[in-house]
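# Quick one, fold the following:
(2 chains)
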Amino acid sequence: MNNSRGKSLGSGALLLAASLLWIVLYVRLEALAGLVLQLSGVYRGNPFGEALFFFLYEVPKVLLLLLAVVFVMGVVHTFISPERTRAMLSGRRTGIGNIMAALLGIVTPFCSCSAVPLFIGFLQAGVPLGVTFSFLVSAPMINEVALALLFGMFGWKVALLYSSMGLAVAIVSGMVIGKLRMERYLEEWVQKMQRVSVDDDVEGTSMSSSMRMLEGVRHVREIVGKVWPYIVAGVGLGAAIHGYVPENLMASLMGKSVWWSVPLAVLIGVPMYSNAAGILPVVQALLEKGAALGTVMAFMMSVIALSAPEMIILRKVLKPRLIAVFASVVAAGIMLVGFVFNLLL
Amino acid sequence: MKEIKILGSGCATCNQLADAVKAVIEKDGIEASVEKVEDIQAIMAYNVLTTPALVVDGEVRCKGRVPSHEEIREILTTKKHSCCCGGASHGSNGKNPSGCCS
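Below is the predicted model of the structure:
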């Protein structure tokens, strides 16, 4: 007992030290980047210097934010397993069920390779079809990597707008699919499946706080270890554009005044498959050069939320008609978000 | 003779898990058969929500991630419920189980 208390005390101290170091680094980042630039003998004010400064400042900033958000999410995940989410959603009505599903989609650990077992497992446990879809839309779209990168690159307002609009799309499209009564467009074997009882598993509750923190660290190693090359490459690309491509180049193509840019962005984005890390730097570069926020946001949402590989995986359990409805309802929602953004901002 | 099944519909992480399990078996000389279950209906029979999952002698011992070699070794060499999938608070060998299955 003493031992475990000492352990959690030790890990608490470690966490505090790490947080302090994090804050100091984050606050001093701009100065540090400037210092490194000076030491390398490059001056700002010319395209190369601007690009290099942008790179030296943005890469560590985004990585620091990612580190923090992914760690926190890793700890949160120890409280909410997919099994527990399923138990909470079982038998919920349209409306409140969709809202809960979309919200839980943000905090529940999710990997798109598990989409099918999760989908079936939810239905088997009596989670309504529309509610299940709300979860399935929100879980990939609003994830920790996307949030950390949006926050790091565009500030908290854009991150908040993205998540609330993403939630709205997930909730509404799930409700629409629920109202359409599409159950008969599930594959036959899925329809015939036996109901299983839900067990709200208590795995998570018996973990010690140091074990939860270890999970957070593990999550960081797994996620940040995977996406950092994308960030470096992406910010590098962004830096090059930042320094060299003329301002407002994209304005005529993806600007506010071009109404068809939103549907076009979604059409291009839907079949594409990329994680948030891969797509965001490009998004940033587009924005910087005058593309409208709504258009870019719609592009990003459609790339992350819908993809051709996902449709192919879902084909194992859904008939083509339901897949088509799913894709078009979500795509329509995303387009609407794009239009609203362009109108308001 | 242990009967090991790897559940997962052919994604990259499922192959990682299969490779890791095979490596541990070979290194330790554990007698076991390894079978990959890719059919989604067969996978659902185990009532797992996340893949890849590791099934030993008909029991799901780890799911949703690829455990480390040490964890796999512990899962393969201990009886039921030594992994936290079964019960985190009472590991059979007295020490903390290694945080598998979040």
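# Just want the phi and psi numbers for residue A:44.
phi -70, psi 170 (degrees, to the nearest 10).
# give the contact list for it.
Applying Cβ atoms under 8 Å, 6 or more residues apart in numbering or on different chains to residue A:44 gives the contacts A:37, A:50, A:53. All C-beta spots, glycine's among them, are computed from the backbone N, C-alpha and C.
# what residue ranges in the stretch 201-345 of chain A score low on pLDDT?
By pLDDT under 70, the weakly predicted segments of the stretch 201-345 of chain A are A:201-206, A:243, A:245-256.
# Nearest to chain A: which residue in chain B?
Closest residue of chain B to chain A, Cβ to the nearest Cβ: residue B:11 (3.6 Å).
# quick one: contacts for the closest residue to that residue other than its chain neighbours?
Spatial nearest neighbour of residue B:11, excluding adjacent residues (Cβ to Cβ, 6 or more residues apart in numbering or on different chains): residue A:113 at 3.6 Å. Counting by Cβ under 8 Å, 6+ apart, residue A:113 touches A:313, B:8, B:9, B:11, B:12, B:13, B:14, B:51.
# quick one: the spatially most central residue of chain A from residue A:34, how far?
The centre of chain A sits closest to residue A:143, judged by Cα atoms, centre = their mean, with a distance of 2.8 Å. Going from residue A:143 to residue A:34 by Cβ to Cβ, to the nearest Å gives 32 Å.
# Could you look up the SS state of residue A:316?
Using DSSP: H, G, I helix; E, B strand; the rest coil, the structure places residue A:316 in coil.
# Run a quick neighbour tally on the residue nearest to residue A:36 when sequence neighbours are not counted.
Using Cβ to Cβ, 6+ apart and skipping the chain neighbours, the partner closest in space to residue A:36 is residue A:56 (5.5 Å). Using other Cβ atoms under 10 Å in any protein chain shown, residue A:56 has 22 other residues around it.
# Just list the residues touching residue A:56, thanks.
Counting by Cβ under 8 Å, 6+ apart, residue A:56 touches A:33, A:36, A:37.
# Now do the same for the closest residue to the last one other than its chain neighbours: its pLDDT.
Closest residue to residue A:37 apart from its sequence neighbours, by Cβ to Cβ, 6+ apart: residue A:53 at 5.4 Å. With respect to pLDDT, residue A:53 has a value of 83.
# just checking, next helix/strand downstream of the helix or strand harbouring residue A:53?
Residue A:53 is part of helix A:47-77 when elements are defined by DSSP states H and E. Next helix or strand after helix A:47-77 toward the C-terminus (DSSP H and E): helix A:82-89.
# which strands and helices sit next to that next one?
helix A:96-107, helix A:115-124, helix A:129-141 (3 or more Cβ pairs under 8 Å, 6 or more residues apart in numbering or on different chains; DSSP states H and E).
# returning to that earlier point: can you flag which of the contacts of residue A:56 belong to helices?
Using DSSP state H, the subset of the contacts of residue A:56 located in helices is A:33, A:36, A:37.
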